[in-house]
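Peer 1: Sequence first, predicted coordinates after that:
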Amino acid sequence: MQTPSFEIPTEMRAFAEKSVDQARTAVGTLMSNALKVSEQAQTSGQTFQSTMQAAVAKGFDHAQTNANATFDFAQKLVRTKDLREAFELQSEFVRSQFAALQSQAKDFGSLAQNVAR
């Protein structure tokens, strides 16, 4: 007994082969795009992380600067001879700290713009 042979038509094989090739290409494209998105997310994450680290470091620098200025002011204040000198010193300190805070705010604004980009 012979088993009947069944042949798949050439057109059907060609169609199946083309479908497999198209599926392979589609999956390859999907994987490639997923990898690109992953790399972009990683880069964005690293940029954000480094910017945040810079902001924290800048914050500590500003805090140290402000603390030093306050201690310097206190040291000068205890050395004043009269109330007029103390008021002048206070006014000078307030002006200089206001200018320092403006400068520090600009620094943080610049960092925020970097994050936005």
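Peer 2: Here it is on my side, so go on.

Peer 1: going forward, measure contacts and count neighbours with C-alpha atoms only.
Peer 2: Will do.

Peer 1: Could you find the residue nearest the spatial middle of this structure?
Peer 2: Centroid check for the chain by C-alpha atoms, centre = their mean gives Phe48 as the closest residue, at 1.2 Å.

Peer 1: Point out where this structure drops to low pLDDT.
Peer 2: 1, 115-117 (pLDDT under 70).

Peer 1: Do you have the helices of it handy? List them.
Peer 2: For the chain, helices defined by DSSP state H occupy the ranges 10-78, 83-116.

Peer 1: and these as CSV, adding distance to Thr3?
Peer 2: Converted to CSV, the helices of the chain look like this (distance: least, C-alpha to C-alpha, whole Å):
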stretch, distance to Thr3
helix 10-78, 21
helix 83-116, 72
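
Peer 1: Look up how far Ile8 lies from Ala14.
Peer 2: Distance, Ala14 to Ile8, by C-alpha to C-alpha, to the nearest Å: 10 Å.

Peer 1: So for those two, which sits in the more crowded spot?
Peer 2: Neighbours of Ala14 and Ile8, each counted by other C-alpha atoms under 10 Å, are more numerous for Ala14; the result is 11 against 8.
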